[in-house]
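Chemist: Got a sequence here, can you build the structure:
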Amino acid sequence: MVTIFLMGCQELRSKNPSVRQRGAIRLGALNKPEVLSILIKALNDPSKIVFFAAVFALRDIGERAIPSLIKALSSHNKRIQFGAAMALGKIGERAASAVPALIVALKSRSSDVRITAAWALGKMGVSARTAVPTLVEILKRSGDPMQQSTLISALGDIGPHAAHLSLPVLSRTLNSCNRTVRIVTVASLGQMGRLAIPYLIGVLKKRDSQMKAHALISLKKAGKIAVSAIPILIRFLESREKRIKRLARNALLKIGPFNLSTLSKGLNHSTSSVRRIVSSIIAKRGEKSKSIAKMLSKPYHG
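Modeler: As a prediction, this is how the structure comes out:
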């Protein structure tokens, strides 16, 4: 092990970026505490391949690296801060202890550090719920579409715990002049639980076909909590746009069986094609639909 350690250290001093990259990989494979400070220093390497080799090596070391990465977030070197935030995000939920330090990093003077810290918080999911107020406040003030998109994605990844504070500002980003921001907003709404469903239904009432398509995808991902969307999804089965019609059908396949009484109203639709599609959805669910119907027919003894 000593020989491999010394070899990796020597390679990191090479003038050749490929050799330095190999050194970072070699040290990361040791998975020992003594390599941490060396790999964090390698985050400041001018070569991108060495930088990313160090990031991935720290990620692979995992939980042992977290205290050192948290400390690196307070470094005066912005590149080391940036790399530390990236490594923590790649470690993900196991790095939940880094949430307070990442919240501080959201206020960095470096836009790269701020954006990467927001991304990292999103990768920690519900463990980062204490970051929601800060993420929302920054989103309110942000005029940068890239930063806005990252913040919105992070809020979506945190999930329903972010909904209460996030929805008022997301209702505004739905109308952003930047298409990417609007699309990311719709995707995040699909992760925020029942409170977000009315906002997705609202998108379906707009003229923008691309946004409708993304809203349909988000409703499908939301699943059974989106049962209130069934009536409008049935109407979309009449769409002349093949993609919209297909996406509405796919969403109904996922959502419909959880409210058979509403879905079955489509069997009385005035358009025969809609009746056929609804019938096929019910038939495709087969035994699952029958079991759900049986469950719904039982009296509630709460």
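
Chemist: which one is Ile217 nearest to, not counting chain neighbours?
Modeler: Spatially, and ignoring its direct neighbours in sequence, Ile217 is nearest to Leu247 (6.4 Å; Cβ to Cβ, 6 or more residues apart in numbering). All C-beta spots, glycine's among them, are computed from the backbone N, C-alpha and C.

Chemist: The one you found: neighbour count?
Modeler: 22 (other Cβ atoms under 10 Å).

Chemist: doesn't His214 make contact with it?
Modeler: No: using Cβ atoms under 8 Å, Leu247 and His214 do not qualify as a contacting pair, with a distance of 9.2 Å.

Chemist: And for the helix or strand Val136 falls within, what's in contact with it?
Modeler: When elements are defined using DSSP states H and E, Val136 is found to belong to helix 132-141. Taking Cβ atoms under 8 Å, 6 or more residues apart in numbering as the criterion, the residues outside helix 132-141 that touch it are 103, 106, 114, 118, 121, 147-148, 151-152, 154-155, 158, 161-162, 165-166, 169, 173.

Chemist: And Arg276, how far from Gln81?
Modeler: With distances taken as Cβ to Cβ, to the nearest Å, Arg276 is found 58 Å from Gln81.

Chemist: For those two, indicate the residue with more neighbours.
Modeler: The neighbour comparison of Arg276 against Gln81 (other Cβ under 10 Å) goes to Gln81, with 23 against 14.

Chemist: how about the more buried one, phi and psi?
Modeler: In this entry, Gln81 is assigned phi and psi values of phi -60, psi -50 (degrees, to the nearest 10).

Chemist: got it, and Met192?
Modeler: Its backbone dihedrals place Met192 at phi -100, psi 10, with angles given as degrees, to the nearest 10.

Chemist: What pLDDT does the model give it?
Modeler: We have a pLDDT of 96 for Met192.

Chemist: surely it meets Gly156?
Modeler: Yes: Met192 sits in contact with Gly156 when judged by Cβ under 8 Å, with a separation of 6.5 Å.

Chemist: Between those two, which contacts overlap?
Modeler: By Cβ under 8 Å, 6+ apart, the residues touching both Met192 and Gly156 are Ala162.
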